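Asker: model this:
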Amino acid sequence: MNAQCLSQAYAQAQQTFLPAGLGSTLTSMLVLAFALAILAAPFLVLTYDRNVRRLMRMREILPVSPTRPKTEALRESEALNDSPQNSTAAAAAGPDSGGGAVREARQRREQRVRQATFAAYVVFVALTGLVVPLARHEHAADRVGLFVLSAVSAGFPALTLTHPQGLPRTLLAGVGILVAGVLLWQVAQSANDPDPLTLEDALYTQLAVAMLYLASVHRLRPFVLPNTVLISLALAAFIASMFAYAPLMCLGDGSTPAAGEVGAARSLVLTSVLTGALVISGLLGLKLLDALAALQERGLFSDVSLIALFGVSMTAVLATLGLGHEPVSYVRAALTAAAWIGATATAYAVAMRSTSAPPDVSRSLLVLRVFSNDLRAERLLDVVQGRWRFVGPVRQIAGPDLARLNLDLYRYLKFATFRMAQMFLPGSVPAEEILARLHRRIDRDGRFHVSEVFCFDSAWRGAVEQLVRTSDAILLDIRGFTRARGGTAFEIGLLARLDCLGKVVAVGDATTDWNAFDALTHSGVGGQVLGARLTSGGRRLESECFETLLEVATNRQS
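Answerer: Below you'll find the predicted structure:
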């Protein structure tokens, strides 16, 4: 190995993998990872769906491991904590546990989030001026366009915080038209510029806005953040392994390796270096995601606020390091993005802390449903649980139809590390084990958790019974229910036998076999009255269902 060969090897690696400098390569790598993370999300949803379906059909098996992960142990300790802060039952027994106190607490939690989101949004949009010195063009049209695009892009995570259940399609269509109009106007205004904007620039910007929408608002969003982390580290590991391999080219006399045995040996070394780098990057990525999941489990932030922060961060990064800027110091651009993100997050935290905490009361909601791929059922569940999280914890029997709704970092890590079976209840478990899986802690931004109980085929009946007994209100979506739906029939009969029909709001439609439903409910204790019965079809079904559930939950406990 000689110095000249080593210098040439590093120069060749730099020319190949860092043609425009380290900063430019890192920016391109992050954008590429972001795009790949979005493209991979639908395939991961399908894989997650298949795994859940396969495990749900399994009968009783022995527990996977006697040692439970830290996050799961934390769930158990919190669920068994009898303090009023973490226990729904204890909160319901307090002196201010009437329906008025529950509604007031919910309104104040929602108001805190709205106020904090508005403060953070205003700060983010106002600080758009930080990026103006980095812009390639100095025309007023470009500055107006930058301001509008930043406001629109930051609006996605802001609306995620205030409307996690999604947005009307008409609003999204209007946003798309607005963005397209601004971009075309910018192109027209810069026509006389020596370096004018082109339709290609406008297309790239439109694509970036669409990516930010998919990462913040679309229901694929739970997969985008962890995918981006893992893919970014994998790309960085690939580049690092290429530079680590460069000195190996200078072994021996430093000449080009001949074909045959020597070339095969060096190829084997390159493969080993690359594999090792990718393994290390994967482990680091999983450790980072595990640390975020642990913080989320402790209630420092909710899954919704984490996704919103990710959307804000990507907006700032794309605006400062992305397309449409002169070659500037990437250190300066990175510091600008960091200051932009930090000021926005600080504004949200300060606004949240400056508002007094609402009354410590809550009501739990159990969701029972006919497992299906009906988008109407998914929409109803998304809206109701998104609003109920300001009222109390939400509980569900996990199913493949929830893959795009409730996936958080804890479940993603189990899925990514092939340990999904650890989340499933075996056949014979005590009630304490079931209750230990219910997350009752409220996050600092005022949201309760959604607890999915994963069950093998031999365990779900016992789990449903415990959830029914310990929930304050029950949403029973029986659209598509017939006598052939044995699982749903068992749940309906169980509600009647446990004398719990009074806290049930049943949602049906023309496909619901109401005669079979009535026959099952009449088999229980006499004199029971259903909490409410709603018929699908109205445009305000989601709002009506939520208000009815809240009324049922508060009236039973007042």
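
Asker: element containing the residue sitting nearest the centre point of the chain, please.
Answerer: Nearest to the geometric centre of the chain sits Pro222, at 2.9 Å (C-alpha atoms, centre = their mean). Using DSSP states H and E, the element containing Pro222 is helix 221-245.

Asker: give the contact list for Thr228.
Answerer: 30, 33-34, 37, 215, 310 (C-beta atoms under 8 Å, 6 or more residues apart in numbering). Where C-beta positions appear, they are placed from N, C-alpha and C, glycine not excepted.

Asker: Okay, domains of the protein per the record?
Answerer: 54-106+359-557, 111-222+302-354 (automatic domain parsing).

Asker: Just the residues contacting stretch 465-473, thanks.
Answerer: 88-89, 92, 363-366, 392, 395, 397, 431, 434-435, 438, 453, 474, 494-495, 498, 500, 503, 505, 531, 549-550, 552-553, 556-557.

Asker: I'd like to know which of the residues you listed are buried.
Answerer: 88, 92, 363-366, 392, 395, 397, 434-435, 438, 453, 474, 494-495, 500, 503, 505, 531, 549-550, 552-553, 557 (16 or more other C-beta atoms under 10 Å).

Asker: In strands only, show me those residues.
Answerer: Taking DSSP state E, the ones among the buried ones among the contacts of stretch 465-473 that sit in strands are 365-366, 395, 397, 453, 474, 505.

Asker: Can you mark which positions in the helix or strand where Gly155 lies are buried?
Answerer: Assigning secondary structure by DSSP H and E places Gly155 in helix 140-162. Judged by neighbour count using 16+ other C-beta under 10 Å, the buried positions of helix 140-162 are 141-143, 145-150, 152-161.

Asker: name the helices or strands packed onto that helix?
Answerer: The contact analysis (3 or more C-beta pairs under 8 Å, 6 or more residues apart in numbering; DSSP states H and E) places helix 140-162 against helix 99-126, helix 169-189, helix 199-216, helix 303-321.

Asker: Return the most buried member of the ones you listed.
Answerer: Among the helices and strands packed on helix 140-162, helix 303-321 has the highest mean neighbour count (mean count of other C-beta atoms under 10 Å), at a mean of 24.

Asker: Now do the contacts for Arg483.
Answerer: Applying C-beta under 8 Å, 6+ apart, one finds that Arg483 lies in contact with 489, 513, 516.

Asker: any idea how far the nearest residue to Ser536 once chain neighbours are set aside lies from Leu530?
Answerer: Distances taken as C-beta to C-beta, 6 or more residues apart in numbering place Asp509 nearest to Ser536, at 3.8 Å, with adjacent residues excluded. Relative to Leu530, Asp509 is positioned 16 Å away (criterion: C-beta to C-beta, to the nearest Å).

Asker: Kindly report the same for Lys503.
Answerer: Lys503 sits 10 Å away from Leu530, going by C-beta to C-beta.

Asker: Next, Met58: secondary structure please.
Answerer: Following DSSP: H, G, I helix; E, B strand; the rest coil, the label given to Met58 is coil.

Asker: which secondary structure elements does the host helix or strand of Ala294 contact?
Answerer: Element membership for Ala294 (DSSP H and E) is helix 261-297. Applying 3+ C-beta pairs under 8 Å, 6+ apart, one finds that helix 261-297 makes contact with helix 70-79, helix 221-245, helix 303-321, helix 409-416.

Asker: got CSV for those helices, with distance to Leu541 and mean pLDDT too?
Answerer: Below are the helices and strands packed on helix 261-297 laid out as CSV (distance: least, C-beta to C-beta, whole Å; pLDDT from 0 to 100):
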stretch, distance to Leu541, mean pLDDT
helix 70-79, 32, 42
helix 221-245, 24, 89
helix 303-321, 23, 89
helix 409-416, 28, 90
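
Asker: one step back: now the helices and strands packed on helix 140-162 in CSV, with distance to Ala41?
Answerer: Formatted as CSV, the entries for the helices and strands packed on helix 140-162 read as follows, by distance: least, C-beta to C-beta, whole Å:
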stretch, distance to Ala41
helix 99-126, 25
helix 169-189, 18
helix 199-216, 8
helix 303-321, 13
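
Asker: between the ones you listed, which one is nearest to Asn51?
Answerer: The closest of the helices and strands packed on helix 140-162 to Asn51 is helix 303-321. By C-beta to C-beta, the value is 20.2 Å.

Asker: what's the next secondary structure element after the closest one?
Answerer: The first helix or strand that comes after helix 303-321 along the chain, using DSSP H and E, is helix 330-353.

Asker: hang on, the earlier thing: out of the contacts of Thr228, flag the one nearest to Tyr204.
Answerer: Set against Tyr204, the nearest of those by C-beta to C-beta is Phe34 (13.2 Å).

Asker: Which element, helix or strand, includes that closest one?
Answerer: Using DSSP H and E, Phe34 falls in helix 22-56.

Asker: In helices, which of the contacts of Arg483 appear?
Answerer: Among these, DSSP state H puts 489, 516 in helices.
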